[in-house]
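Chemist: 3D model of this:
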Amino acid sequence: MFSILNRRPIIFSLLAILTAVVVGVLVGQVALENKDHSAQLNEAGIILLPEARDIPAVTLSGSDGKEQLMSDLTGQWTLVFFGYTFCPDICPTTLSELRQIKQKLPKVTKDKLRIVMISVDPDRDTPEQLKEYMKFFDPEFIGYAGKMSDIQVLSSRMSIPFVPGDKSKEYYTVDHSGNLALLDPTGVQRGFIRAPLDIEKLVRALPQLIK
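Modeler: Residues are numbered from 1 along each chain as shown. Model prediction:
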């Protein structure tokens, strides 16, 4: 009995050391997985913000015939693209790439993803015009139009600026980015996806984020 009691501190010490080793290994594995996860997102052009951003409470008209409060884009992950229907290059390219990405994603990921375009040319892009344009790429893609001042507030908040077109010209264009804003299901901005889009890398990375 005496020897057993004397050995208990040693046994407890060994158990404590073993527990610490196991915890250390698990923590190391989680850290490595997180590092690999972050690297995969970065390689795909997905940049997460240190802190989520609230979206301004402005209302736009959707190509689906509904009014949408932009701060209430909830329930799904949302990719937000700022573009316009008269765009000669960036917009058709980006929307075509988004269509390909959506088609290649697993169904469980696809069902949790919403893709929208906010018009930077609201004088020409009516909801009806947007409906026909978005339907050409994917019937589930939604376009939004509204007051230029509201759209500028949104683009500024999401850090995706654009330069309004010179409407004194008949066939004016709008200088804008191909970057996407990434919103999570609570409706806050979690990050960006950099242009140009890498379809294959995004198809691999998005399911790791959209869960």
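Chemist: apart from its chain neighbours, what residue comes closest to L197?
Modeler: Using Cβ to Cβ, 6 or more residues apart in numbering and skipping residues adjacent in sequence, the residue nearest L197 is E97, 4.6 Å away. Quick note: C-beta positions are derived from backbone N, CA and C, even for glycine.
Chemist: quick check, the one you found in contact with E200.
Modeler: No - using Cβ atoms under 8 Å, E97 is not in contact with E200; the gap is 10.9 Å.
Chemist: in the sheet, who's paired with the residue nearest the centre of the chain?
Modeler: Closest to where the C-alpha atoms of the chain average out (Cα atoms, centre = their mean) is L182, at 2.1 Å. Beta-bridge pairing of L182 under DSSP bridges involves L79, G191.
Chemist: these two touch, right, it and L41?
Modeler: No - taking contacts as Cβ under 8 Å, L182 lies outside contact range of L41: 10.2 Å.
Chemist: helix or strand with the lowest mean pLDDT in this protein?
Modeler: For the chain, counting by mean pLDDT, DSSP states H and E, helix 2-43 ranks last in confidence among helices and strands (a mean of 52).
Chemist: against which helices or strands is the helix or strand that that one is followed by packed?
Modeler: Following helix 2-43 in sequence order, the next helix or strand is strand 46-53 (DSSP states H and E). Counting contacts by 3 or more Cβ pairs under 8 Å, 6 or more residues apart in numbering; DSSP states H and E, strand 46-53 packs against strand 189-193, helix 199-209.
Chemist: deepest of those, which one?
Modeler: Of all those, strand 189-193 has the most neighbours on average by mean count of other Cβ atoms under 10 Å, namely a mean of 21.
Chemist: how close does V203 get to L113?
Modeler: 12 Å (Cβ to Cβ, to the nearest Å).
Chemist: does the residue nearest to L197 count as helix, strand or coil?
Modeler: Secondary structure, DSSP: H, G, I helix; E, B strand; the rest coil: E97 is helix.
Chemist: how much space between it and A181?
Modeler: Taking Cβ to Cβ, one finds E97 at 16 Å from A181.
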